[in-house]
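In: Provided below for reference: sequence and predicted model.
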Amino acid sequence: MLCDDCQKRPASVHITQITNNQKIDKHLCNQCAQAYGDIAFSLDSKFSVHDFLKNMFYAGAADNVLAKTGKACPNCGMTYHDFSRIGKFGCSACYSTFGDHVEPLLRRIHGVSTHTGKLPRRTGATLELKQRIKKLRYDLERQIVQEKYEEAAKIRDEIRGLEKELLSSASEEGNV
């Protein structure tokens, strides 16, 4: 099948657009699809349809098991089924009640489960130090498991230095 726009290259992208209850199907080549406008994902990205579908089926199975257990928040009574339908938790206790299931969900949706955006100016340096220490502790554990003790010692020393820096910055702010 040839591209609907240029009629030269083979169509490799299928776009369905629904506007005012009218369905419009377009079959485009990669070049015309990129010029067509904002598509939800880049054609050059590392997006894998196989991984996407695999994760969707896995997520559905996990969500169904949790929904069948009837686990509910002790504070507000919200169930995981309610959360998946509404998209919001009912209270802060929901995070601890369903926390084990939320982190994998965030990883599936966003690729990570930690926020990597901007940090506040006032406490940004402190938060950055804490994040760095947390990452280094994870790296330290990996090095120990792999029996790379020299590298582990270097990381341990770096953690100690950052912890001292964290304590001194906290005492300067009057937090200690």
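Out: Looks like it came in fine. If you're wondering where the values come from, they're calculated on a predicted model, not measured in any experiment.

In: By mean pLDDT, flag the weakest helix or strand of this protein.
Out: helix 49-69 (a mean of 50; mean pLDDT, DSSP states H and E).

In: measure residue 132 to residue 97 for me?
Out: Plainly put, residue 132 is 31 Å away from residue 97 if you go by CB to CB, to the nearest Å. Placement of C-beta: from N, CA and C, glycine included.

In: Of those two, which one has the most company?
Out: residue 97 (22 against 15; other CB atoms under 10 Å).

In: Contacts only, for the closest residue to that one other than its chain neighbours.
Out: Among residues not flanking residue 97 along the chain, residue 73 sits closest, at 4.6 Å (CB to CB, 6 or more residues apart in numbering). Shown in contact with residue 73 (CB atoms under 8 Å, 6 or more residues apart in numbering): 79, 89, 90, 91, 93, 94, 97, 98.

In: between those, which is nearest residue 17?
Out: Taking CB to CB as the measure, residue 17 sits nearest to residue 89 out of the contacts of residue 73, at 34.1 Å.

In: Can you tell me the element the nearest residue to the closest one once chain neighbours are set aside falls in?
Out: In space, and not counting its chain neighbours, residue 89 is closest to residue 83: 5.9 Å by CB to CB, 6+ apart. Residue 83 belongs to helix 80-86 when assigned by DSSP states H and E.
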